[in-house]
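Undergrad: Fold the following and give me the result.
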Amino acid sequence: MPIYMLKDEVYDFPPVSQSTKDGLLAIGGDLSPERLLVAYSSGIFPWYSEGEPILWWSLDPRMVMKPSELKVTKSLWKTIESHKYSCSFDTDFEGVIRACATVPRIDDITEEEDDTDEPSPWISEDMIVAYCELHNMGFAHSVEVYQDNELVGGLYGVAIGKVFCAESMFHTKTDASKVALYNLCQFLIRNGFELIDSQQETGHMKRMGAAPIPRKEFMKLLKGLVKQQSLVGNWGDGSAELMQLTIDN
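TA: Residues are numbered from 1 along each chain as shown. You can find the predicted model right below:
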């Protein structure tokens with residue numbers, strides 16, 4: 001199947017049904033905020049290595065999780081209730097995304113490198129700049145976990161309508177990324193979000209409660225969720241506002 005070549009300054013994508021078997025849909029284009037918002041609202045995300053052209057994907061099946069279905073183990077509850085970590089939103093977005101790109105992630109269960117928890121070399125400098133711009137516009141958000149004022153865990157993603165598109169997470173201390181995910185889910189529940197898009201299946205997210213669903217089912221859910229009002233702005237300082245977005249996709 002031929003791969004669709006995106007045109008400059010035209011932000012449309014082909015139907016996700018035209019993806020290859022492994023989920024590759026299109027190539028080229030840029031990482032402008034307009035294109036990224038169209039992509040995420042269309043069930044598409046960029047994923048490529050530095051030095052490659054931009055590759056756009058829509059996987060089938062798709063890994064998703066309802067915020068209310070997060071699995072919290074007894075050991076994680078113990079960590080949460082110990083208050084050894086503090087958590088914030090949107091206070092150090094760049095610090096979180098750079099840590100996701102560089103920190104070797106260790107599986108909290110095996111204490112070995114997880115199959116999907118390696119550093120994320122696909123988070124290039126261009127990606128960092130692009131998502132920081134989305135963050136400054138109020139669409140990309142981070143969760144930070146601190147211990148003694150040191151950033152020890154976190155995650156980031158893009159929020160459109162009532163769906164949070166999770167991009168990456170990291171931790172340097174046991175359970176820190178899980179604490180970030182727990183706090184994210186609590187925030188999403190309070191604010192009426194219905195779905196976390198984890199994109200591709202990982203052992204970590206599966207243990208936390210995510211599950212794969214057919215892309216066709218995911219797209220049906222996504223279509224309704226992105227039409228709802230978006231919580232745009234800084235999620236940590238109370239300045240975020242509900243807005244009705246119009247995204248041409």
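
Undergrad: for stretch 92-106, which positions count as buried?
TA: By neighbour count on 16 or more other C-beta atoms under 10 Å, the buried set for stretch 92-106 is 92, 93, 96, 97, 98, 99, 100, 101, 103, 105, 106. The way it works is simple: take the backbone N, C-alpha and C, and place the C-beta from them, glycine included.

Undergrad: how close does the fifth one sit to residue 173?
TA: Residue 98 sits 17 Å away from residue 173, taking C-beta to C-beta, to the nearest Å as the criterion.

Undergrad: Who are the contact partners of the closest residue to residue 19 other than its chain neighbours?
TA: Nearest non-adjacent residue to residue 19, counting by C-beta to C-beta, 6 or more residues apart in numbering: residue 25, 4.4 Å away. Contact criterion C-beta atoms under 8 Å, 6 or more residues apart in numbering gives 3, 4, 13, 14, 16, 18, 19, 44, 56, 57, 58 as the residues in contact with residue 25.

Undergrad: does the fifth one really touch residue 58, like I thought?
TA: Meaning residue 16. Yes. With contact defined as C-beta atoms under 8 Å, residue 16 and residue 58 form a contacting pair (3.9 Å).

Undergrad: Return every residue with contacts to both of these two.
TA: The overlap between the contact sets of residue 16 and residue 58 (C-beta under 8 Å, 6+ apart) consists of 25, 42, 43, 44, 215.

Undergrad: ok, so of these, who is nearest residue 181?
TA: Within the set of the shared contacts of residue 16 and residue 58, residue 43 lies nearest residue 181; the separation is 21.6 Å, counting by C-beta to C-beta.

Undergrad: Could I get the full set of strands for this protein?
TA: Taking DSSP state E as the criterion, the chain carries its strands at 4-5, 24-27, 45-46, 55-57, 62-65, 86-89, 140-147, 150-160, 163-171, 195-199, 211-213, 230-232, 241-243.
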